[in-house]
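*Asks:* Provide a 3D model corresponding to the input given below.
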Amino acid sequence: MATAAAGGSDRLGETLLRDGLLSREQLAQALAEQKVGKQRLGYVVVKLGLVPELEITKILARQHRMPAVDLSRFDVDPKILKLVPADVAAKGVVLPLKREGRTLTVAMADPSDLGLLEDLKFITRFDLFPVIAGEYTLRALIEKHYQTQNQQELETLLKDMEAAGEDLEVVEEREEETATQAQIEDAPVVKLINGLLIEAVKRGASDIHIEPFEHEIRVRYRIDGALLEIMRPPLKMKAALTSRIKILSQLNIAERRVPQDGRLKLKMGNRVIDFRVSTLPVLYGEKIVLRILDKGNLTLDLTKFGFEPKAEKDLMKAILNPYGMVLVTGPTGSGKTTTLYSALSRVNTPEVNIMTAEDPVEYNLMGINQVLVRNEIGLTFAAALKAFLRQDPNIIMIGEIRDLETGGIAIKAALTGHLVLSTLHTNDAPSTITRMIDMGIEAFNVASAVNLVVAQRLVRRICKECKSPHKYSDDQMASLGTDLEKIRAIPFMKGQGCDTCSGTGYKGRAGLYEVMAMSPELRRMILRGASVSDMQEQAVSDGMLTLRMDGIKKVERGITTLEEVVKETAG
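*Replies:* Below you'll find the predicted structure:
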């Protein structure tokens, strides 16, 4: 890479000498400056005022056999700017100029950088038409345009906040901080944070990440499981931003050395939205993540989750059982808690006593007794569970089975006439059984108590506005790991990217489910100590769909893409 750059500089230097645009002394001066600043020769000679930029651009255009542009004639559209992220534009010295159909014209300082062109093609999903522009002007324009864009986004957020200001109100849970809040109520940072929170809820984000770095702050939203950069507030706001969020969520603003957790409630119109707040000391300050717990987005109707008919029937049967255990497994953020809440809502009637132990309590549900687990005072999952059994429960939900003690009590509760629901972190349904046995729970207890295991993942839905047929290569289709001839018949769909889905091609999420109901043969296999693969084979022959099989069905129906299924499921 360095050699290529050096070669390019030599050729440019020789051309400038031959054309009489530089003397040997001036070239030596420029090369010395280039070594110090590690910049391209064309940039250095323009910066030193030795050669007009237009002359450099003409020479480079001849060398690379590419068209050159005069950037002063272009008025860049902010919508076009958004196609290339600010960090990519600055690092690669590239500026998107105009879009015609599926072709994007980009001005580059180094058109020989094929790696950058490939990256841009992947990021923008457009065909590229590269043109050469003067690097000195290009750098200045990148800085100007992207800084203006960040400022406009900030101002838009502040205007949104002011427009909705009367509907926004912090729901206080303690009064000790009132004076402190009153002192900073007029600060611009208050408007910024309120604007960020409103915008996140409007866009259906699940998390807000506020990350401090050495020279900037970055704000990102997690939308449909993927992080999206929203803005970069001024660095001088860092301390005030952190303090304001800590005050709202009743955290210690003087403590910056250890992680802290808190909650924040905002009233937006008639809705009260909960935010779970987590702070973490990092190299240049504290990273803050706010998890948005919006009841308005909570679907509690199991029939709308996208279960296949047999899977839904098995799940309903298991949760309507008077006793036994139902387990939901999957990684963090795969929707396990939502599935459990939906199951509880299905059985939540005045005739039953439902008790839950959670860490944290994500949603407050009417008619259900919810307990917040607090390890620091000894209120662990196991301690809560022991107390529940003295509270005459019918149905018990435990946020997570983390150890043998909790698992042992939960199994005993399931065997003594209670319906127990819980979660575990495992990759699929059959491996949940071996995980429990590995914890130290006896195989005969697991075989007797467990009625059903659900493994789940979330995949992004194809945007309905820009959905269109898509062709995949044989290699891509083979990644699904099933019969290629069958897969070829699938009418694959993909989102092309539009304003509705912010150019991603996805909008919303759908669940993939592997529902393993305990048949008599599976129970016998557990007692015999059968392997995970043997149990999976038996469950599939009993009618279970693996996560990958369920994913393929969702692809066939045009709900999601092949890439999402391959990314989230094992073959």
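*Asks:* pLDDT averaged over the host helix or strand of Val219 - what is it?
*Replies:* Assessed by DSSP states H and E, Val219 sits inside strand 217-223. Strand 217-223 shows an average pLDDT of 91 in the prediction.
*Asks:* Repeat that for stretch 494-513.
*Replies:* The average pLDDT for stretch 494-513 rounds to 85.
*Asks:* Could you tell me which strands the next helix or strand after the strand holding Val219 is paired with, and in which direction each runs?
*Replies:* Read in the C-terminal direction, the helix or strand following strand 217-223 is strand 226-231, with elements assigned using DSSP H and E. Next to strand 226-231 in the sheet, as set by DSSP bridges, lie strand 217-223 (antiparallel).
*Asks:* Contacts for the partner strand, please.
*Replies:* The list of residues contacting strand 217-223 from outside it, by Cβ atoms under 8 Å, 6 or more residues apart in numbering, reads 196, 199-200, 203-211, 227-235, 237-238, 241, 502. For every residue, glycine as well, the C-beta is placed using N, CA and C.
*Asks:* Then stretch 72-88?
*Replies:* With contact meaning Cβ under 8 Å, 6+ apart, stretch 72-88 is reached by 94-99, 104, 106-107, 119-120, 123-124, 126, 137, 141, 145-146, 149-150, 152, 229, 232, 503.
*Asks:* Dump the strand holding Val219 to PDB, restricted to CA.
*Replies:* Taking C-alpha atoms only, strand 217-223 is exported to PDB below (Å, rounded to 0.1, in the frame of the first residue of the first chain):
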ATOM      1  CA  ILE A 217     -19.200  11.700  21.600                       C
ATOM      2  CA  ARG A 218     -21.200   9.300  19.500                       C
ATOM      3  CA  VAL A 219     -25.000   8.600  19.900                       C
ATOM      4  CA  ARG A 220     -26.400   5.400  18.400                       C
ATOM      5  CA  TYR A 221     -29.900   3.800  18.400                       C
ATOM      6  CA  ARG A 222     -30.500   0.100  18.200                       C
ATOM      7  CA  ILE A 223     -33.300  -0.300  15.700                       C
END
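*Asks:* returning to that earlier point: of the contacts of stretch 72-88, buried ones?
*Replies:* For the contacts of stretch 72-88, burial is judged from neighbour counts taken by 16 or more other Cβ atoms under 10 Å, and it is met by 94-97, 99, 104, 106-107, 119-120, 124, 126, 137, 141, 145-146, 149-150, 232, 503.
*Asks:* hang on, the earlier thing: how distant is the strand holding Val219 from the center of its chain?
*Replies:* Between the mean C-alpha point of strand 217-223 and the mean C-alpha point of its chain there is a distance of 9 Å (Cα atoms, centre = their mean, to the nearest Å).
*Asks:* again, but for stretch 40-55
*Replies:* 43 Å.
*Asks:* next one: stretch 529-541
*Replies:* Between the centre of stretch 529-541 and the centre of its chain there are 33 Å (Cα atoms, centre = their mean).
*Asks:* Using CSV, list the CA coordinates for it.
*Replies:* The C-alpha atoms that make up stretch 529-541 are tabulated as CSV, following Å, rounded to 0.1, in the frame of the first residue of the first chain:
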residue,chain,number,x,y,z
GLY,A,529,-28.3,-39.9,28.9
ALA,A,530,-28.7,-39.6,25.1
SER,A,531,-26.7,-37.0,23.2
VAL,A,532,-28.0,-33.6,22.1
SER,A,533,-27.9,-34.7,18.4
ASP,A,534,-29.9,-37.9,19.2
MET,A,535,-32.5,-35.8,21.1
GLN,A,536,-32.7,-33.3,18.2
GLU,A,537,-33.2,-36.2,15.7
GLN,A,538,-36.0,-37.6,17.9
ALA,A,539,-37.7,-34.2,18.4
VAL,A,540,-37.6,-33.6,14.6
SER,A,541,-39.2,-37.0,13.9
